[in-house]
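Chemist: Generate a structure from the sequence data that follows.
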Amino acid sequence: MISCLRCGKRFFSETNVLQHMNQPTDWDLNPPSPEVHETEDFTMDAPEEVIPLVPGKFVKVYEGSSEVFPGGKSFMDTFHEDQYSGERRSNLYFPFASQQEWQFASWLLRSRLSLTAIDSLLALDILQGIPLSFRTGKQLRACAEVLPSGPAWLCEEMEPESPTKHPVRLFYRQPLECLQSLLSHPLLTPHISFIPRKVWMSAARVCRIYDEWLSGDRAWEIQDALPRGATVLGVVLSSDKTNISVMTGNRMAHPVLISLANIDASIRSKTSLHGYLLLTLLPIPKFVHKTTRVRGLLQDRLIHQALNRVLTPLKTAATVGIMMSDPAGNLRYSIQRACAEQDPFDYKNFIKVIRALHLNGVVEPVWKGWPLSEPSDFITPEPLHHFHRFSWDHDTRWCILATRAAEFDYRFSLLQTLVGYRAFEDGVSKLKQVTGCDHRAVQHYIVGIIAGSVPRHFLTAIHSLMDFRYLAQVPMFTDDSLTELASALQDFYDNKDAITAAGARKDSWEIPKLELLQSIVPSIRLSGAVMQWSADPTEHAHVQEIKVPARAGNNRDYYNQITRHLDRAEKCLRFDIATYMESKRGEEDLRVDEIEGNETEQDKEHEPDEEEFPTDHLATTQSPINYFTIVDALMCGCIPNAPRLYRTFSTATTAFHLSTKPSLRLSVDEAAIMFNLPDLHAAISEYLHRLESGMPHRVSGVRSQQDHQLPFDRLQIWCKVRVQQMRYHSRQTPDTLQTLRAFHPSTVNPHGLYDAAIVNADPDRIGCSEARSACPGHSVVQLRMIFRPLHSELLAAYVQRFDIVAQQGNTNNCNTGTGMYLVRWAVRSNGSRIGDVLPITLIRSPAHLIPHFGKEAHSRLTSQTSYELSSNFWLNKYWSKEFYYALSSSSR
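Modeler: Numbering: from 1, shown residues only. Predicted coordinates:
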C-alpha cells in the first residue's frame with residue numbers, strides 16, 4: 001500500500017496515487033512531518049502583490065506551485081546506494097586502487113585510443129613497475145562497467161510500414177531517467193527554477209519583461225491547468241541529422257537531444273556543462289520502395305513512430321504526473337508538457353492529396369496524445385536556421401543579384417576587419433560548405449557593402465531585416481522592445497517590393513522561414529527569449545556526443561559504438577563529481593573534528609556553506625579573461641611582482657591591456673616620420689599643456705602653444721592594445737576581448753594598419769555607461785599611435801577624427817537607407833587631417849568603418865589602400881551585437 005503525500009490516503013499502486021493527486025481538488029496542504037531540504041527558488045507562499053525580488057525588476061510568482069515533499073534522492077544519495085558503496089567506504093575510488101590510478105584510467109577511458117593502442121601503452125616498460133588494477137584495455141573497460149551509471153541505453157528492433165534493406169534498430173534511453181539525471185546534476189543545481197513568474201519593469205505593471213521560459217505566458221497558462229502544488233518541467237527536444245563519416249562512406253546519424261527549459265538559458269547553452277543529454281539515435285533505414293517520394297514519406301513516418309516509442313513515458317507523465325527528486329533531494333510532483341480522408345497506406349494517391357494541402361503525410365505525429373501540447377506553441381523559432389541560414393539563402397542572394405557578383409565580391413575584398421573577425425579576401429559569392437559562422441560574418445558587413453549600389457528602398461528592406469535579426473537575439477525583452485522588433489519586420493514588408501523591382505526576387509514571397517518570422521513576437525511572449533532555443537549548443541553537442549565517439553571506433557556499427565563510448569564517458573564524469581564531493585566532505589569532517597570543543601561563535605559565522613563546493617575544475621568551459629578583475633587585484637596589491645607602470649588598467653566602463661614590452665622605442669621625430677604624423681610634436685605639446693592647466697581633452701586640432709619644447713625626447717610605442725567592456729544587457733559580465741591596432745607603414749601595409757574607435761571627448765560625460773554609442777560627447781576616431789614618454793606614467797594615443805555627415809530631414813543624422821551614420825575625415829582648410837593626443841583611457845570601444853563605395857567601387861582600390869584613399873565611411877553598427885545594441889539605443 002502506498003500513501004498520498006498530501007492527504008495520507010492509501011492506494012494499491014503508485015499509478016493510483018498519481019491519478020489521485022492529479023484530480024483538480026482543493027487539498028488540505030499540510031506538509032508531512034519529515035524534514036524537507038531547503039532549496040533556492042522563489043518562495044512558494046509568495047503574497048499576491050508584486051515584489052522587487054531583483055533590483056530594478058518587480059516579480060509576481062505563481063502562488064501554490066511546485067510543492068516540495070520529503071523522500072527524494074540527491075545525486076550523492078544515489079552514489080551511496082550503489083551496489084559497491086560498501087567497498088568505497090574503505091577505498092573511495094573502487095574499483096581503482098587510488099586517486100592517481102583513477103585519474104590515469106579516466107584519461108584513458110575518455111581518450112580516443114583504441115583497445116590496441118591502450119594495450120600498447122600499458123605494455124611499456126615504464127608502466128610495468130607501477131602496480132595497476134588493469135593491464136589491458138579490456139580489463140580497463142571492465143573496471144569502468146563497475147562505476148555508478150547514469151540513464152542506461154536500450155536497444156530494440158522496430159517494424160516499419162514497408163520493407164527495408166537492413167533491420168531497423170532503435171537506440172534510446174528512458175526520457176524520465178534523463179530528466180532526473182539533469183535535475184540532480186550538482187553542477188546545474190544553482191541554475192534550476194521551478195515556479196512560473198511574471199516580471200515587470202515597475203510595480204505599476206506597465207512594461208512586462210520576458211527572458212527565461214518560466215517568465216513567459218505559456219508556463220503560467222500550463223500551471224493554471226494543473227493541480228495545486230504541481231511542478232511544471234519544460235522538456236526541450238532538439239533533433240537534426242549530422243555526418244559521422246569523413247570524406248567517404250556517406251554515413252549519417254540522427255540524434256535527439258533532451259534538456260530542461262527550467263535550467264537557466266545561459267547555462268543550458270554551454271555544452272561543456274552537459275545541459276543536453278543524448279536521448280535517442282533515430283534509425284535511418286533504406287526502404288526498398290522504388291518511388292523516391294514514397295521513401296521520403298516512409299522515413300518521416302518512421303521518425304515519428306520511433307519518437308512515439310521513446311517519448312511515451314513523457315506523455316504518461318504529462319497526463320497523470322510523476323514524483324521526481326529536485327537538486328536538493330526533495331520530491332516534486334512534476335508534469336512534463338511540451339486529418340485526411342485518403343487511405344494513408346495508398347502511398348501514391350496519398351502523396352497527391354498531402355502535396356495539395358502542404359502536409360508531410362505523417363498520420364500519427366509524436367505530439368498526438370500529449371496533453372497541453374500545441375505545435376504552434378511548442379515548436380519555437382530557432383535563430384541558427386530561421387535567422388542566419390535564411391540570411392545566407394535569401395538576403396545575400398538578393399544583394400548579389402542586385403549588385404552583380406563581381407562587384408559584390410570586390411567590395412568584400414576591400415574590407416579591413418578587426419582582429420578575430422572573418423575576412424573575405426576572395427568575396428562570398430563562390431563560397432562552398434558555408435558554416436553558421438560564415439553566415440554571421442557576412443551579416444556584419446552586407447548592409448554597408450551594398451550601400452550606394454542599390455535603390456534606397458531595397459537598402460531599407462535589407463537593413464530592416466538585419467535589424468530584426470539583431471533585435472531578436474537579445475537575452476531579455478520588454479513590451480517596448482517587442483514593439484520595436486515588430487516595427488522592424490513591418491519596415492521590411494513595406495519595402496520588400498523594391499527587391500522584386502530590382503530583379504533580385506523573381507519567385508513569389510512564399511518563403512517558409514520568412515513566414516516564421518511573423519511568429520517571433522508571439523513566441524517571445526509565450527516562451528521567453530528566442531536565443532535560448534538556438535540550435536547552436538546542440539550543433540556543438542553533436543561533436544562530443546556523436547562525431548567524437550563515432551570516430552573513436554572501427555567504422556562499423558556506429559550507433560552501438562557511440563552508445564558504449566557515451567556510457568563510459570558519462571560514468572567517468574559522474575564518478576569524478578561524486579568522488580570530489582565525497583573527498584571534500586571527508587576533509588571538512590576531519591577539520592571539524594580537530595577544532596571541535598575549541599570553536600567560538602565568531603568561528604561559526606565564518607564557516608563555509610556546506611552545500612556549496614567549487615566545481616570549476618569539473619567544468620571544461622574556459623572563461624574569458626576578465627581584465628576588470630585583474631585591475632582590482634593590482635590595485636589592492638594582490639600581485640606584488642607586477643611591473644610598474646601597470647600595463648593593465650581600467651575606467652568605469654573599459655579595461656585596457658598593453659604588453660609588458662613595447663613594440664618600438666623611438667625619438668619623437670623618428671616616430672613622427674615612421675607613423676607619418678607631421679604634427680606629432682605639436683600635438684604632444686598641446687596634450688601636456690591641457691594636462692597642466694586641467695583643460696578637457698578634445699580632438700579639435702587646435703594648437704594654442706607656440707613653443708613646442710618637450711620635457712622628453714624618447715617614446716615607448718605599442719602597436720596594439722586590448723580592450724574589454726561589460727556586456728550591454730549584463731553589466732556584470734565581461735565581454736570578449738577586442739584588439740585595436742596602430743601599425744606604422746611597412747612593405748606589407750604601405751599605408752599602415754589602423755583601427756577605428758569611439759572616444760569620450762566630452763568631460764561632462766566621462767564614465768557614461770552608453771559610451772559605445774555615437775551620442776553627443778563621443779567621437780569616432782582612427783587610432784594612429786599608442787605611446788608613453790620614457791620615464792613617465794602617461795599613456796596616450798594619437799588619434800584622427802571623423803565627423804558625422806548631416807542627413808537632411810533626420811534630426812539624429814542617421815541615414816535612413818542603411819540605418820547607420822555616415823562619417824568623413826575631419827580636415828583643416830589646407831586638407832590635412834585633424835588629429836590630437838588623448839589619454840588612452842578616453843577610448844570607450846573599438847569601432848568598424850566600411851568605405852562608402854558609391855555606385856561602383858573604384859577599380860584601383862585594394863584592401864591596403866581602400867581606407868586611406870576613401871573620404872566617406874559608414875560607421876558599421878552590425879560588426880558586433882554589443883556595439884549594435886549600444887549604438888541603436890542612442891539613435892532612437
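Chemist: Just confirm Val366 is within a helix.
Modeler: No - counting by DSSP: H, G, I helix; E, B strand; the rest coil, Val366 is not found in a helix; it is coil.
Chemist: so how far is Asp576 from it?
Modeler: According to C-beta to C-beta, to the nearest Å, Val366 stands 35 Å off from Asp576. Heads up, the C-betas are built off the backbone N, CA and C, glycines and all.
Chemist: now stretch 465-484, how far from the centre of its chain.
Modeler: Distance of stretch 465-484 from the chain centroid (C-alpha atoms, centre = their mean, to the nearest Å) equals 17 Å.
Chemist: strands paired with the strand or helix carrying Ala757, and their directions?
Modeler: Assessed by DSSP states H and E, Ala757 sits inside strand 756-760. Strand pairing for strand 756-760, using DSSP bridges, gives strand 778-789 (antiparallel), strand 843-847 (antiparallel).
Chemist: Convert that strand to PDB, retaining C-alpha atoms only.
Modeler: Taking Å, rounded to 0.1, in the frame of the first residue of the first chain, the C-alpha atoms of strand 756-760 are listed here in PDB:
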ATOM      1  CA  ALA A 756      38.700  52.900 -35.600                       C
ATOM      2  CA  ALA A 757      37.500  53.600 -32.100                       C
ATOM      3  CA  ILE A 758      34.900  55.500 -30.100                       C
ATOM      4  CA  VAL A 759      36.400  58.000 -27.700                       C
ATOM      5  CA  ASN A 760      34.800  60.000 -24.900                       C
END
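Chemist: For the residue nearest to His457 when sequence neighbours are not counted, the count of nearby residues, please.
Modeler: Computed as C-beta to C-beta, 6 or more residues apart in numbering, the closest residue to His457 that is not its neighbour in sequence is Ala498, at 3.6 Å. Ala498 has 20 neighbours, counted by other C-beta atoms under 10 Å.
Chemist: For the spatially closest residue to Tyr646 that is not a sequence neighbour, list the residues it contacts.
Modeler: Closest residue in space to Tyr646, ignoring its immediate chain neighbours: Leu634 at 5.3 Å, by C-beta to C-beta, 6+ apart. By C-beta atoms under 8 Å, 6 or more residues apart in numbering, Leu634 lies in contact with Ala642, Tyr646, Thr648, Phe649.
Chemist: Repeat the analysis, applying 7 Å as the threshold.
Modeler: Ala642, Tyr646, Thr648 (C-beta atoms under 7 Å, 6 or more residues apart in numbering).
Chemist: again, but for Lys855
Modeler: For Lys855, the contacting residues are Gly452, Ser453, by C-beta under 7 Å, 6+ apart.
Chemist: Could you tell me the phi and psi values at it?
Modeler: phi -70, psi -40 (degrees, to the nearest 10).
Chemist: and it, how far is that from Gly296?
Modeler: 47 Å.
Chemist: for this structure, which helix is longest?
Modeler: For the chain, the longest helix by residue count, based on DSSP state H, is helix 558-595.
Chemist: That helix packs against which elements?
Modeler: Other elements packing on helix 558-595 under the criterion 3 or more C-beta pairs under 7 Å, 6 or more residues apart in numbering; DSSP states H and E are helix 75-80, helix 99-110, helix 137-144, strand 277-282, helix 548-551.
Chemist: Return the set of buried residues in it.
Modeler: By 16 or more other C-beta atoms under 10 Å, the buried positions in helix 558-595 come out as 558-559, 561-575, 577-582.
Chemist: cool, and stretch 60-68?
Modeler: Taking 16+ other C-beta under 10 Å as the criterion, stretch 60-68 shows Lys60, Val61, Tyr62, Gly64, Ser65, Ser66, Glu67, Val68 as buried.
Chemist: contacting residues for the third one?
Modeler: Under the criterion of C-beta under 7 Å, 6+ apart, the contact list for Tyr62 reads Ile195, Pro196, Arg197, Trp220, Gln223.
Chemist: Please indicate which of those has the highest neighbour count?
Modeler: Ranking the contacts of Tyr62 using other C-beta under 10 Å puts Pro196 first, with 24 neighbours.
Chemist: Quick check, central residue of this protein?
Modeler: Ser269 (5.6 Å; C-alpha atoms, centre = their mean).
Chemist: Pull up the gap between the residue lying closest to Pro175 once chain neighbours are set aside and Val521, please.
Modeler: Counting by C-beta to C-beta, 6+ apart, Pro175 lies nearest to Leu314, which is 5.1 Å off, once chain neighbours are set aside. The gap separating Leu314 from Val521 is 29 Å, by C-beta to C-beta.
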